[in-house]
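> After the sequence you'll find the predicted model.
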Amino acid sequence: MHVDRELDVKGLNCPLPILRTKKALSEMVSGQVLHVLATDPGSVKDFEAFARQTGNALLANNETDKVFEYFLQRK
């Protein structure tokens with residue numbers, strides 16, 4: 001998957017991963033993809049809700065060794 005920007009929010013807890021993601025997406029143009037790395041287990045539901053509420057597409061999410069990956073496309 002083509003990624004336009006990466007954001008590392010590992011070690012941060014709610015609401016900081018979402019707030020940093022929101023800021024990063026606001027600096028991107030429509031259609032660009034943001035790759036986010038997080039360690040907060042609660043971020044799974046947070047990112048799903050964030051995508052639903054903002055209209056940005058959650059293209060994929062994965063977990064590997066307690067690191068959660070999210071791919072969001074700017075609306």
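Yep, that arrived.

> separation between residue 27 and residue 64?
Going from residue 27 to residue 64 by CB to CB, to the nearest Å gives 27 Å. From N, CA and C alone the C-beta is placed, and that goes for glycine too.

> Would you list the phi and psi of residue 52?
Backbone geometry at residue 52, expressed as degrees, to the nearest 10, gives phi -60, psi -40.

> what's the answer for residue 10, then?
Taking degrees, to the nearest 10 as the convention, residue 10 sits at phi -60, psi 140.

> wouldn't it be in contact with residue 67 here?
Yes - the pair residue 10 / residue 67 is scored as a contact, 6.6 Å apart, by CB atoms under 8 Å.

> shared neighbours of these two, anything?
Common contacts of residue 10 and residue 67 (CB atoms under 8 Å, 6 or more residues apart in numbering): 37, 38, 39.

> most surrounded residue in the residues you listed?
With neighbours defined as other CB atoms under 10 Å, the most crowded of the shared contacts of residue 10 and residue 67 is residue 38; it has 29 neighbours.

> list the contacts for that one?
By CB under 8 Å, 6+ apart, the neighbours of residue 38 are 9, 10, 12, 17, 47, 67, 68, 70.

> Let me know the closest of these to residue 55.
residue 47 (13.7 Å; CB to CB).

> Flag every buried residue along the helix or strand that the closest one is a member of.
Per DSSP states H and E: residue 47 is located in helix 43-54. Of the residues in helix 43-54, 43, 46, 47, 50, 51 count as buried by neighbour count, 16 or more other CB atoms under 10 Å.
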